[in-house]
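# build the 3D model from these lines:
(chains A, B and C)
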Amino acid sequence: MNIEATIKNNFPVLIDPALLAEMERYCTTKTLEAGYNFIEIGDQVVAMPLLLEGVIKVVREDDAGNELLLYYLNGGDTCASTLSCCMEQARSEVRATVIERVTALMVPIRCLEEWMRKYAGWRSFIMQSYRLRFEELLQTIDSIAFKKMDERLVEYLIQLSEERNTTTLLGTHQEIADDLHTSREVVSRLLKQLERLGKVRLSRNKIELLKL
DNA sequence: ACATTAATTGTGT
DNA sequence: ACACAATTAATGT
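Numbers count the residues shown, from 1 in each chain, chains lettered A, B, ... in the order given. Purely as a prediction, here's the structure:
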């Protein structure tokens, strides 16, 4: 599939032919396997990624080296904090690790600003995705500050199933615990409760959501 | 097919 | 949070 068709599929707002032509010309694609870091804290940001396929986890790190989950990025998303960095040629405040093999369209930063001026469609796309990420962050903050772990877990499971378009979640309890900043035991026990209530079915490396 | 090992999950304190 | 048991999946023979 060529770049133009790919953009149309994943980012339907960007229909301006002149913009598409420029994107075709200046953007590159980048593919990365699961497990690698897409960007590391402190790295110079040279381009903004538009995710076509795959899943990326964006985290922040505290002085003790603990990771704090900010959000997940899927196909059709772009990274807002990259965006804020790009503007002022700053360095990355976050780490982005690849969860599922990713292909992304890389937009060079100099194009970013120029297109903001030239193309209304691009401008609203940027603004829209920025707002979206911001709202998602607010949700994360609410969740951490105000909710008990059992609610957070259920919320987390539902969100993940929506993002991945499946009710069968693959992964370990430990991974969930890391994302939620709790112990593996707590996650296991809460999941067991949910299973007893008939809300999920558990097996090794797999959680099936039944009725939540 | 079976035994061994490693990883994940469950549970009591 | 820790320690340990139980279960399940992966690997070698």
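# out of everything not next to it in sequence, what's closest to the spatially most central residue of chain A?
When Cα atoms, centre = their mean is applied to chain A, the residue found nearest the centroid is A:Leu73 (1.7 Å). Distances taken as Cβ to Cβ, 6 or more residues apart in numbering place A:Ile56 nearest to A:Leu73, at 4.4 Å, with adjacent residues excluded. C-betas here are computed from N, CA, C, even on glycine.
# and the one you found, how many neighbours?
By other Cβ atoms under 10 Å, the residues close to A:Ile56 number 23.
# repeat for A:Val186
Other residues close to A:Val186 by other Cβ under 10 Å number 16.
# contact partners for the nearest residue to it once chain neighbours are set aside?
Leaving out its chain neighbours, the residue that sits closest to A:Val186 by Cβ to Cβ, 6+ apart is A:Met149, at 6.2 Å. Contacts for A:Met149 (Cβ atoms under 8 Å, 6 or more residues apart in numbering) come out as A:Leu180, A:Thr182, A:Val186, A:Leu190.
# now the helix or strand the third one falls within: average pLDDT?
Just to be clear, that refers to A:Val186. In this assignment (DSSP states H and E), A:Val186 forms part of helix A:184-196. In this model, helix A:184-196 has an average pLDDT of 93.
# which residues does the helix or strand that comes right after it contact?
Counting by DSSP H and E, the element after helix A:184-196 in chain order, helix or strand, is strand A:200-203. Contact with strand A:200-203 is made by A:Leu157, A:Leu191, A:Lys192, A:Leu194, A:Glu195, A:Ile207, A:Glu208, A:Leu209, A:Leu210, A:Leu212, as judged by Cβ under 8 Å, 6+ apart.
# this completes my enquiry, with thanks.
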